[in-house]
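*Asks:* build the 3D model from these lines:
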Amino acid sequence: MSTDAIVLLKADHKEIKAAFKRFQEAGEGATATKGKLVDKIIELLTVHTYIENEVMYPEVRGLVPELTEDILESYEEHHVADLLAMELAALAPEAERFDAKTTVLIENVTHHIEEEETEWFPQVREKLGRRQLSEIGERLLAAKEKAPHSLAAPSALKKTVDAVLR
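*Replies:* The predicted model follows:
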C-alpha cells in the first residue's frame, strides 16, 4: 500500500463519497438504514478530519506557506462539517430535518473534497517530493491509529476546536 499522503487522503475521500452515495440511494422510508449510514459517515469524517487537522495541514502549511489561506479555509470547512456531524449525532433518524441536515453535510464535504483534490493537492504534489509525501503519509497512518472515531469523544471535539482556533 502506498504511503503517499495525497494517495491516502484521496482513498479516504473515495470511501466517504461512497458512504454519501449509499445514503442518497437509501430512499424514502429507509430510516434505520439512513441512521446507520450517518453513523458511518460521522465516523469516517471524524477520523479523516482528525488526521488532516493534526498532520497534513500543519505540515503542508510549514512546507508550502503559500497555501496558508487554503489551509485556513479547510480548517473552517472541517469546523462546519464537525458542527453538522455533532448535530446529526444528536438527531434521531426519524426527525424531520435529519435528511436535510445530512444533505447539507454531504454538499459541504463534497465541495471541500473537490477543492482539495483539484486545487491544492496538485500544488502540494508539485512542491513536495515523493519522499516528503511518503513521510507525511506515514505520519497520517500513525495518526489514524489513534484518531477518535466519534465527535462525541470530548478530546476529539477539543482537538477540532483547538485546530480551528490556531
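*Asks:* drop to CA atoms for contacts and neighbour counts, all remaining ones
*Replies:* Fine.
*Asks:* does residue 95 sit in a helix, a strand or a coil?
*Replies:* Under DSSP: H, G, I helix; E, B strand; the rest coil, residue 95 falls in the coil class.
*Asks:* mind pulling up the pLDDT for it?
*Replies:* Listed pLDDT for residue 95 reads 94.
*Asks:* helices of this protein, start to end?
*Replies:* 5-25, 31-51, 57-63, 68-89, 98-115, 121-127, 130-146, 154-165 (DSSP state H).
*Asks:* flag every buried residue along the third one.
*Replies:* The reference is to helix 57-63. For helix 57-63, a neighbour-count test (16 or more other CA atoms under 10 Å) marks 57, 58, 60, 61 as buried.
*Asks:* most tightly packed of the helices of the chain?
*Replies:* Highest mean neighbour count among the helices of the chain (mean count of other CA atoms under 10 Å): helix 31-51, with a mean of 20.
*Asks:* isn't residue 88 up against residue 100?
*Replies:* No - counting by CA atoms under 8 Å, residue 88 stays clear of residue 100, with 10.2 Å between them.
*Asks:* tell me the mean pLDDT over stretch 6-26?
*Replies:* 97.
*Asks:* pull the distance from that stretch to the chain's centre.
*Replies:* 10 Å (CA atoms, centre = their mean, to the nearest Å).
*Asks:* and for stretch 98-108?
*Replies:* Distance, centroid of stretch 98-108 to centroid of chain: 14 Å (CA atoms, centre = their mean).
*Asks:* lowest-pLDDT helix or strand in this protein?
*Replies:* Ranking every helix and strand in the chain by mean pLDDT, DSSP states H and E puts helix 154-165 at the bottom, with a mean of 45.
*Asks:* in contact with residue 144, which residues?
*Replies:* 47, 48, 50, 51 (CA atoms under 8 Å, 6 or more residues apart in numbering).
*Asks:* one more: residue 48?
*Replies:* 9, 12, 144.
*Asks:* which one of the residues you listed sits closest to residue 133?
*Replies:* Among those, residue 9 lies closest to residue 133 (CA to CA), at 11.2 Å.
*Asks:* under the pLDDT cut-off, which ranges of the chain? List them.
*Replies:* 1, 150-166 (pLDDT under 70).
*Asks:* farthest residue from the center of the chain?
*Replies:* residue 29 (27.7 Å; CA atoms, centre = their mean).
*Asks:* how close does it get to residue 99?
*Replies:* 11 Å (CA to CA, to the nearest Å).
*Asks:* same deal with residue 122?
*Replies:* Residue 122 is 34 Å from residue 99, by CA to CA.
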